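> just coords:
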């Protein structure tokens, strides 16, 4: 086989075309960086000149003609085969998967070695299209890409022979028993920064990333100006994820008014992605021939389909990638909006990637690697390349340092969480196991007093046990209140407070204080959870016992609200030292005096319950008196 390349503007000078007019196996690829009319004109003229040829074409974001990287030109590649037949087909449906199925069924034969595929770059979902191809045959190597329109992202075009399509796909099949086909790719885009999660997406249209609208996400990390100009700018910074064993990128192809963005390929909810940047250092240091290994040293043609971002991001480095191929055989292709690649029985849609296909019809029996000398010339005086390489190295090294730090933090976090989990489990077991001995002690005290009467020592034990019981109840509630739904029922607040005062009366007497209880009503019904009500009442009673001055009474009263007849105030009032930090008294683990017992949990639990149940509360403290007031609403009758 042999491939000829020329610019369309020089068409009349291509006299060699007269010599191949009678050839039967001719493939023509048109890479058009001009408008639709040029693509149509070129396909018509070539079909007239080479009536036996099979033509496929696409608009581009740049054209490749051997060592020349062009824009806004039209490159024609004419490949003449001796032992390979070529067929073409096109589809223009709206279902991208079905387009792939239909095109594959039209093109693939038992001896098909390669499919060259072009889709429109404006509306097609390239990944879904390729999966449609794969569903028919996952063994045939595919190549090609999505059409471009010079970075405008408005309208692209493709063609099959003389038919121009705005949507859909075209393809050419190379069928042969003797054609050797080798493909490879080069990525060189490195992830940077933290991982992000795809939260909301439909097919290739992303709505939210890590809780942010897609456009806001790009605005946060790339700046407002880049986000505003998407997708024309910012395509150089794709989302990168791991897929089928290698890193793939997803670049923006459209921005929508609702803040969502379409990408050239699918993502899924839960996918972990990171923003990427073009790592010029990898391009400089890693000659492509180290990656591209072909059994034949005499390739006859190379077709290159490379991402538009590579040309725009690193224009002075493109020749470094092209040079190993140009030195060996005719090299032609275009810069696309996404690239098609075949890898281990899977068809992959790639972004930011350089893909290449090598073809040979020669009877080669040698099995040697592609022989090229490493390219070093372009770098010797290219200060821009060296600068970009240095910046890329800085970014890559910073990203590596970040990853190491992230792994350390994740390990430390995992260890800390295991400690907290063990501690939580220990406390739960400890609280659970404490209940039985508490119950046994209290029961035996009551049995002894019922049979033999009051005893000074047992009374001390009983008072201490009631304090411990209150602490136990607080801890138990603290552990389970987030997981247990507490039922509510009607409670007589007057009777309930009186019963809790009786419970703590012996505790109060042991420290020489007493309760004085008064209520302006005989009965006041509230709709409340009893366990939560007990936390409010018991903590206020026990705190009053701890801090009230010796031989002074503790006043507990139920009084009507000044302005609302359905609301009554419960007031706990006594003479005690003035509270030094009233703003902190309801904080967790805070204790006004370290000499007193307790963990400083009680009032924090009271505050949490009051906030959740809409109970208004107030603290008033002076050097003479301290009071806590809570407002309860009467239950509906």
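Good, I have the coordinates. The shown structure was predicted, so the numbers you read here are calculated from the model rather than taken from an experiment.

> going by C-alpha atoms from here, please, whenever you check contacts or count neighbours.
Fine.

> most centrally placed residue in the chain?
When the chain is reduced to its mean C-alpha position, the nearest residue by C-alpha atoms, centre = their mean turns out to be residue 197, at 1.1 Å.

> surely it touches residue 271?
Yes: at 5.7 Å, residue 197 and residue 271 qualify as touching, with contact defined as C-alpha atoms under 8 Å.

> that older thread, helices and strands around the helix or strand that contains the residue nearest to the centre of the chain, which ones?
Taking DSSP states H and E as the definition, residue 197 sits inside strand 196-202. In terms of contacts (3 or more C-alpha pairs under 8 Å, 6 or more residues apart in numbering; DSSP states H and E), strand 196-202 is packed against strand 205-209, strand 272-278.

> at 10 Å what do you get?
strand 205-209, strand 212-213, helix 214-222, strand 261-263, strand 272-278 (3 or more C-alpha pairs under 10 Å, 6 or more residues apart in numbering; DSSP states H and E).

> list of residues touching the last one?
Residues external to strand 272-278 that are found in contact with it (C-alpha atoms under 10 Å, 6 or more residues apart in numbering): 187-199, 209-210, 218, 221-222, 235-242, 249-251, 267, 309-310, 313-314, 352, 388-389, 392, 395-396.

> any idea of the mean pLDDT in it?
Rounded to a whole number, the mean pLDDT of strand 272-278 is 84.

> and what of the longest one?
For helix 214-222, the mean pLDDT works out to 89.

> in the helix or strand just after that helix, which residues are buried?
Downstream of helix 214-222, the first helix or strand assigned by DSSP H and E is helix 224-229. Along helix 224-229, the positions that meet the burial threshold by neighbour count (16 or more other C-alpha atoms under 10 Å) are 226, 227, 228.

> ok, and the closest non-adjacent residue to the second one?
What sits nearest to residue 227 in space, not counting adjacent residues and going by C-alpha to C-alpha, 6 or more residues apart in numbering, is residue 219, at 4.9 Å.

> tell me the spacing between that neighbour and residue 103.
The gap separating residue 219 from residue 103 is 39 Å, by C-alpha to C-alpha, to the nearest Å.

> those two: which is more packed in?
residue 103 (26 against 16; other C-alpha atoms under 10 Å).

> surely the more buried one is within a helix?
Yes: the assignment for residue 103 is a helix, going by DSSP: H, G, I helix; E, B strand; the rest coil.

> how far away is it from residue 458?
In this structure, residue 103 and residue 458 are 93 Å apart, going by C-alpha to C-alpha.

> dump the buried residues of helix 224-229 to a markdown table, plus distance to residue 99.
Supplementary listing: the buried residues of helix 224-229 in a markdown table, determined by distance: C-alpha to C-alpha, whole Å:
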| residue | distance to residue 99 |
| --- | --- |
| 226 | 34 |
| 227 | 32 |
| 228 | 33 |
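
> residue 543: which of these is nearest?
Here the nearest of the buried residues of helix 224-229 to residue 543, counting by C-alpha to C-alpha, is residue 227; it sits at 58.3 Å.

> pretty sure the closest one is touching residue 218, no?
Yes: counting by C-alpha atoms under 10 Å, residue 227 touches residue 218, with 5.8 Å between them.

> for stretch 136-155, the averaged confidence score.
If you average the per-residue pLDDT over stretch 136-155, you get 94.

> now do the same end-to-end measure for it.
Distances were taken as C-alpha to C-alpha; on that basis the terminal residues of stretch 136-155 are 29 Å apart.

> list the buried ones in that stretch?
The neighbour-count check on stretch 136-155 (16+ other C-alpha under 10 Å) flags 136-151, 153, 155 as buried.

> which element is residue 149 on?
For residue 149, there is no host helix or strand (DSSP H and E).

> is it true that it touches residue 122?
Yes: counting by C-alpha under 10 Å, residue 149 touches residue 122, with 8.9 Å between them.
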